[in-house]
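Asker: Give me a 3D structure for the following:
(chains A and B)
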Amino acid sequence: SAVISQKPSRDICQRGTSLTIQCQVDSQVTMMFWYRQQPGQSLTLIATANQGSEATYESGFVIDKFPISRPNLTFSTLTVSNMSPEDSSIYLCSVRVEWGEGYEQYFGPGTRLTVT
Amino acid sequence: AQSVAQPEDQVNVAEGNPLTVKCTYSVSGNPYLFWYVQYPNRGLQFLLKYITGDNLVKGSYGFEAEFNKSQTSFHLKKPSALVSDSALYFCAVRGGATNKLIFGTGTLLAVQP
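Answerer: Just a heads-up that it's a prediction; the model follows:
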């Protein structure tokens, strides 16, 4: 298994500002992901955080709006830039732990962001 | 493209009764299937998974799920529901050549005492 922590757990921010969310894992993992869960909705994959290279973004998400860093195998950050109220969501870090042909994917506790 | 459907927004069951939360999927190739639970104001917790092997998989908190390839389903079940099982349940699938885990829309399970 993997234990994931996120900082901050929640924040209230003004529109036009930026917030950086940190994700720390207790073991080295190859795959790290960032998800968004908008109020009352399911999880949507924002991007895969690649160690040592640029993140891979899903359709509808761009690096200018959601820059991601992955300096090593246990840490990643997601920045929500130039925020608007539509960015109010829970942002979740996720890691994949693989073995043989199988794997499990774990999620952090999430960062609840409210943009006013 | 891979997709997951959870046809029920909410499932209501009385405590002590069996529960089923439905999930169907569409992927190319062999699917990897998962169930997660989300309690209020908490992150997602892993419940169980199907990769290969027995079609009936057992997971945490007494939950189990049955993989049915012909019906492309992976329904979550529990023989006797508890009030504390009340939460939001998500089915997820990974299939084909992609590394992405795609989530269903979630089903709210409400267990009445």
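Asker: From now on I want contacts and neighbour counts done on CA atoms only, so please keep to that.
Answerer: Fine.
Asker: surely B:L108 meets B:Q6?
Answerer: No. Contact criterion C-alpha atoms under 8 Å: B:L108 and B:Q6 do not qualify, at 10.4 Å.
Asker: which one is whichever residue of chain B sits closest to chain A nearest to, not counting chain neighbours?
Answerer: In chain B, the residue that lies nearest chain A is B:G43 (4.0 Å; C-alpha to the nearest C-alpha). Counting by C-alpha to C-alpha, 6 or more residues apart in numbering or on different chains, B:G43 lies nearest to A:P109, which is 4.0 Å off, once chain neighbours are set aside.
Asker: Check B:L101 too.
Answerer: Closest to B:L101 by C-alpha to C-alpha, 6+ apart is B:R94, at 4.9 Å.
Asker: now do B:Y36
Answerer: B:F46 (4.7 Å).
Asker: Which SSE is immediately downstream of the helix or strand the one you found falls within?
Answerer: Take DSSP states H and E as the rule and B:F46 turns out to sit in strand B:44-50. Beyond strand B:44-50 in the direction of the C-terminus, DSSP H and E gives the next helix or strand as strand B:56-58.
Asker: partners of that next one in the sheet?
Answerer: strand B:64-68 (antiparallel) (DSSP bridges).
Asker: and the residue most central in space within chain A, bridged to which residues?
Answerer: Taking C-alpha atoms, centre = their mean, the centroid of chain A lies closest to A:W34, which sits 3.0 Å from it. Per DSSP bridges, the residues bridged to A:W34 are A:A47, A:C93.
Asker: Which pLDDT value goes with it?
Answerer: The model reports A:W34 with a pLDDT of 97.
Asker: from memory it sits against A:A47, does it?
Answerer: Yes. Counting by C-alpha under 8 Å, A:W34 does reach A:A47; the two are 5.6 Å apart.
Asker: what are the phi and psi angles of the closest residue in space to A:S94 that isn't next to it in sequence?
Answerer: Spatially, and ignoring its direct neighbours in sequence, A:S94 is nearest to A:F107 (4.3 Å; C-alpha to C-alpha, 6+ apart). Per-residue torsions, A:F107: phi -120, psi 150 (degrees, to the nearest 10).
Asker: about what we covered before: count residues in the vicinity of the residue of chain B closest to chain A, would you?
Answerer: 20 (other C-alpha atoms under 10 Å in any protein chain shown).
Asker: And the residue nearest to B:Y36, how far from B:F90?
Answerer: Look at B:F46 and B:F90: by C-alpha to C-alpha, to the nearest Å, they are 10 Å apart.
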